[in-house]
Every structure is written in structure tokens, then in C-alpha cells.
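> Sharing a sequence plus its predicted fold:
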Amino acid sequence: MSKPNQTHTAGLPGLVISYFGSSVAVEVEDGQVLQCHLKRNQELPVVGDRVRVSGDTIDSIEPRHSQLSRGTGHGKSKVIAANIDAILIVMAPPPVFSEYLIDRYAVAAELLNIQPILVVNKMDLLTNENRSDMDKRLQSYRDIPYPVVMSSIYSKDGLSELAHHVKDKTAVLVGCSGVGKSSIIAGCCPQDEITVGEVSAKGAGKHTTTATRLYHLPGGGQLIDSPGVREFNLWEVQRADVLKGFREFQQYSNHNSCKFRDCTHLVEPGCAVQAAVQDGKISASRFESYQKLMKEAVNEKKY
Ligand SMILES: Nc1nc2c(ncn2[C@@H]2O[C@H](COP(=O)(O)OP(=O)(O)O)[C@@H](O)[C@H]2O)c(=O)[nH]1
Ligand SMILES: [Mg+2]
Ligand SMILES: [Zn+2]
């Protein structure tokens, strides 16, 4: 066992910016990037980790303030990235704009105590009329309040607004493949070389294995592009936790306002949350997502 004081003070401080195979790229002071190798039996670093390096080895990993994982089946999970402050939920209205998918990601982010930011990309593909319909649909997210950015990498709409929201933060982009995550990073970080559209180029169903990578925004902040985030979602969330993921429900569900103390806010009479939905104070689509997620959730703990 190493002495705790030694592990945290030895070596050069650095930031893990990519990790592929057994080679870890660590950025140290003045932007220099060192290719480091892993030692046997070493705790595995991930992109976003703050580390200490000596030569080409990683001595230690600093404690993480947050981490993003994905389920790998059989109740197991794998960490994708660390020290994340914000999750950019990227949608592209054509072909799919799904409130339910947004809400799944948003709940996952809330449960990790990470700020969700909604990005609706490919706005150039919408007519003016469709655009204002979309704008109305997004209002329920602005009301929560979540930041909402409508973007296009062609017109460059929304990119500086997005960069502004991420300034001084480390953010991961999540969303289906093809929605434009890599393109958005390329648009925000023109100094970097970024692979765009690698999936469509290889044909449907084939995914090129690309490394998770961290990019610096010119005005401050970091964006992380990861092929693993396709699977980042809610898995095995407990029923008792679902409610915590719906931030705007709290003011109605708290203070024992429901008739029953153990109200699940699904079907019970005298429910303050359902009343807020009826009064239009909670969006019907958000409540629908809540119902679906409650149905899907693992019901281990007695609610
Ligand atoms: N029309 C339009 N196409 C876009 C936009 N953003 C990305 N694309 C295209 O969508 C495809 C997938 O983009 P990519 O960034 O690889 O998506 P990713 O899988 O989410 O990383 C590429 O062909 C991009 O050129 C946009 O704002 N408007
Ligand atoms: Mg991509
Ligand atoms: Zn209730």
C-alpha cells in the first residue's frame, strides 16, 4: 500500500484527454500531451480524470466529483468519463424528437447531480413554421428551468450560446448517433481535428470504435465526445429515485400535499402532482415520461 500523502503530491498534475487501448493521453501544464501507459493492477483512469504523472506512467488518480457510467449488462457498469459538470442532451428534430428520450437522459443527469442542457440540433432542416412549433414544445424545459439551445452547424446558430453555457464546465454530449454531437464539437472547437459522421460512412449498424476524447473550447470549458454514451442512460433506476429526477415536481410532492403520505403520484386521489398536471403547472408530456419511467423502474425498494 502506498502512503496517502505521497500519491497525491508526487508527479506532475495532468488531465486525461483520451484513452484508447492501453494508451492514455494526459495533458499537463502548458498544454503538452504525454502518452502514458498503464501499470499492472492500476486503477483505471477515464477521460476527465485529474491525475499525477511521472515520466510516462500515471502515479495516481485524484478523487472524482462525478462520474458517468453505462450499464454493461448483468447489473454491471463501466465508467465512461469523470468530473462532469453538465450533460448536453443532443436531439435532432428530423428524424426523431422524443421528449421521453430527453427525459430519460435528464433524469439520469439529475440523479448524478449534473446539470442537463438541452441541445436541439439540425434546425436548418426545419421550416420556419416547424421551428416555431418546436420552440413551443421546448418551453416546458425552459420552465423547469433547463437551458435550451437550438442549433445548426451549417448556419452556426446556437453554437456560441452553447459555448457560453459550458464555459468553465466539463460537459459530455449524449444522444443517438447521427444527431450531430461530433459536428457540434467541430463547430465549437475549430482548432481540433474531429471525426464526423463515422457511423453513416460505415453503413447502418456498424460502429467504428473511436476513443472517448476531451476537447477544449477556445473561450473556456471542455466538451467530451464518447462513443460509449449511446448506452449511457438509466438502467436499474429504483422507483423511489424516479421522482428525484423530475426537478419541477418537487414543489408539489414535498410538504405532504398529497392525501396519502406514500403517494406514488400515479393514480392516487388527492394527489398534488396530478393536480398540478391538470392545472397545466406541470407539463403533460413530462408527467407521461414520469409514468413510463415508474413502470420501467426496478421495484426493489418498497415505495
Ligand atoms: N443538416 C444538418 N446536418 C448536420 C448538422 N449537424 C450534423 N449534421 C450531419 O449529421 C451527420 C452526423 O453527424 P455527427 O456529428 O457524426 O453525429 P454524431 O453521431 O452524433 O457524432 C453528419 O453527416 C453531419 O454532417 C446540422 O446542424 N444540420
Ligand atoms: Mg460522433
Ligand atoms: Zn401524489
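Structure received. Ligands and ions are numbered 1, 2, ... in the order given.
> any idea which element K292 lies in?
The secondary structure element spanning K292 is helix 284-296 (assigned by DSSP states H and E).
> List the buried residues in that helix.
Buried residues in helix 284-296, counted by 16 or more other C-beta atoms under 10 Å: 286-287, 289-290, 293-294. In short, each C-beta sits where N, CA and C put it, glycine included.
> Direction included, what does the longest strand anywhere in the chain pair up with?
In the chain, assigned by DSSP state E, the strand with the most residues is strand 12-20. Using DSSP bridges, the strands paired with strand 12-20 in its sheet are strand 23-28 (antiparallel), strand 50-54 (antiparallel), strand 212-216 (antiparallel).
> Secondary structure class of the residue sitting nearest the centre point of the chain, three-state.
In the chain, the C-alpha closest to the average C-alpha coordinate belongs to I87, at a distance of 3.1 Å (C-alpha atoms, centre = their mean). Under the three-state scheme (DSSP: H, G, I helix; E, B strand; the rest coil), the conformation of I87 reads as strand.
> Enumerate every residue touching it.
With C-beta atoms under 8 Å, 6 or more residues apart in numbering as the criterion, the residues that contact I87 are 68, 105, 108-109, 114-117, 171-172, 174.
> Skipping adjacent residues, who's closest to it in space?
Residue nearest to I87 in three dimensions, not counting chain neighbours: A109, with 4.4 Å by C-beta to C-beta, 6 or more residues apart in numbering.
> which bits of the stretch 101-250 of the chain sit near ligand 2?
Taking C-beta under 5 Å from the ion as the measure of proximity, the stretch 101-250 of the chain contacts ligand 2 at 181-182.
> Could you list the low-pLDDT ranges of the stretch 101-250 of the chain?
In the predicted model, the stretch 101-250 of the chain carries pLDDT under 70 at residues 194-210, 229-236.
> which stretches of it form strands?
Along the stretch 101-250 of the chain, the stretches classed as strands by DSSP state E, counting those that start in this stretch are 115-120, 148-150, 170-174, 212-216, 222-225.
> what's the closest of these to ligand 3?
When those are compared by C-beta to the ion, strand 115-120 sits nearest ligand 3, at 23.8 Å.
> Send me that closest one as CSV with only the CA atoms.
Once non-C-alpha atoms are left out, strand 115-120 reads as follows in CSV (Å, rounded to 0.1, in the frame of the first residue of the first chain):
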residue,chain,number,x,y,z
GLN,A,115,-26.7,19.9,-15.0
PRO,A,116,-28.7,18.9,-18.0
ILE,A,117,-28.6,21.2,-21.0
LEU,A,118,-30.9,20.5,-24.0
VAL,A,119,-29.5,21.0,-27.5
VAL,A,120,-31.8,20.7,-30.4
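> Walk me through which strands it pairs with, and which way each runs.
Next to strand 115-120 in the sheet, as set by DSSP bridges, lie strand 86-91 (parallel), strand 148-150 (parallel).
> could you give the angle of the longest one to strand 170-174?
Just to be clear, that refers to strand 86-91. In this structure, strand 86-91 runs at an angle of 20 degrees to strand 170-174, with axes from the mean of the first three to the mean of the last three C-alpha atoms, to 10 degrees as the basis.
> Pull strand 86-91 out as PDB, backbone CA atoms only.
Included here for strand 86-91 are C-alpha records, laid out as PDB according to Å, rounded to 0.1, in the frame of the first residue of the first chain:
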ATOM      1  CA  ALA A  86     -23.000  19.200 -17.400                       C
ATOM      2  CA  ILE A  87     -24.700  16.800 -19.800                       C
ATOM      3  CA  LEU A  88     -25.600  18.200 -23.200                       C
ATOM      4  CA  ILE A  89     -28.700  16.200 -24.400                       C
ATOM      5  CA  VAL A  90     -28.500  16.400 -28.200                       C
ATOM      6  CA  MET A  91     -31.600  15.800 -30.300                       C
END
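> With ligand 2 in mind, check whether that strand reaches it.
No. Contact of strand 86-91 with ligand 2 (C-beta under 5 Å from the ion) is absent, the minimum separation being 9.9 Å.
> roughly how far apart are the residue nearest to S183 when sequence neighbours are not counted and K122?
Computed as C-beta to C-beta, 6+ apart, the closest residue to S183 that is not its neighbour in sequence is I153, at 4.5 Å. Using C-beta to C-beta, to the nearest Å, one obtains 8 Å as the distance from I153 to K122.
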